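A.B. asks: no sequence for this one, just the structure:
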């Protein structure tokens with residue numbers, strides 16, 4: 001077995017024999033040979049550490065079954081570190097002092113050995129404090145870059161929210177698959193249920209709805225439901241069909257939504273919970289509007305009566321005044 005490590009005293013990325021590592025893989029024996037070829041030969045032969053070998057602190061990157069695999073990994077690590085080093089130079093040039101002030105905001109809970117540093121030239125004239133500052137700066141930068149990369153991958157994976165196509169853009173195949181959603185009437189629901197009896201059609205619906213995107217299970221189900229059914233029709237359903245509502249759980253469409261949610265790693269129970277909440281919200285919204293409209297109507301009727309009564313009163317007063325004799 002062979003390991004890829006960074007020698008912390010020189011910041012060099014090296015391939016070493018696995019039997020040179022300490023048990024905790026934080027230290028490594030290193031031969032005293034001055035010849036690079038002789039060191040490489042000792043690694044390939046996996047020579048046993050002997051008297052006179054130096055014990056160095058290391059950062060461990062990984063182990064491989066063959067020397068060639070380890071060398072390939074070594075090249076990848078060096079390339080990554082070279083990119084980070086160039087990035088740090090650009091930041092230092094364009095924004096002096098910015099990189100130095102960066103804090104490990106995204107790296108809480110990670111050990112310092114997880115930040116493997118690039119092999120780069122450090123002149124002997126640089127002071128120890130200067131080296132420490134530079135190394136810390138690179139650790140900070142690498143931590144930030146790694147965290148941002150992870151966040152970006154997550155966003156690209158999860159945030160696949162569909163965009164409204166422009167008048168000049170061509171509609172996607174997914175949109176063409178099902179142009180009849182959302183359903184607007186009970187007849188539409190019946191039509192969809194008949195279509196979903198076909199396995200191939202059902203798979204197309206699952207694919208279409210799973211591409212609606214969203215952050216977290218609440219948003220995913222909300223976006224799917226908004227593409228499935230309009231609000232005015234959704235208020236006519238609840239999950240079990242209690243009261244005067246129709247049962248959404250009995251629809252094949254509910255199974256399709258569950259399958260689409262599963263593509264976002266939302267299990268059946270969580271999916272059903274969010275659908276119930278969505279339908280309850282639509283019902284509550286409709287009830288609230290229903291209560292508000294009579295009050296508005298009643299208020300408008302009172303205003304009309306008030307205006308009418310004031311007008312009648314004014315007319316009566318005017319007639320009384322006109323009927324009285326005029327005194328000078």
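C.D. replies: That came in fine, so what should we check first? Computed from a predicted structure; not experimentally measured. Numbers count the residues shown, from 1 in each chain.

A.B. asks: let me see the domain layout of this structure.
C.D. replies: Following automatic domain parsing, the chain resolves into domains at 2-156, 173-285.

A.B. asks: packing partners for the host helix or strand of residue 204?
C.D. replies: Using DSSP states H and E, residue 204 maps to helix 199-210. With contacts taken as 3 or more CB pairs under 8 Å, 6 or more residues apart in numbering; DSSP states H and E, helix 199-210 sits against helix 173-177, helix 216-228, helix 252-262. C-beta here means a position set from N, CA and C on the backbone, and glycine is covered the same way.

A.B. asks: mind running it again at 6 Å?
C.D. replies: helix 173-177, helix 252-262 (3 or more CB pairs under 6 Å, 6 or more residues apart in numbering; DSSP states H and E).

A.B. asks: worst average pLDDT in those helices?
C.D. replies: Among the helices and strands packed on helix 199-210, helix 173-177 carries the lowest mean pLDDT, a mean of 46.

A.B. asks: beyond it, next helix or strand please.
C.D. replies: Criterion used, DSSP H and E; the element after helix 173-177 is helix 186-195.

A.B. asks: list the buried ones in that next one?
C.D. replies: Neighbour counts over helix 186-195 (16 or more other CB atoms under 10 Å) mark 188-189, 192, 195 as buried.

A.B. asks: from those, which is closest to residue 68?
C.D. replies: Distance to residue 68 across the buried residues of helix 186-195 (CB to CB) is lowest for residue 195, with 55.7 Å.

A.B. asks: and the closest residue to residue 201 other than its chain neighbours, how far from residue 184?
C.D. replies: Leaving aside its chain neighbours, residue 201 sits nearest to residue 195 (5.1 Å; criterion: CB to CB, 6 or more residues apart in numbering). Distance, residue 195 to residue 184, using CB to CB, to the nearest Å: 15 Å.

A.B. asks: go on, residue 278?
C.D. replies: Note on residue 278: its distance to residue 184, by CB to CB, is 17 Å.
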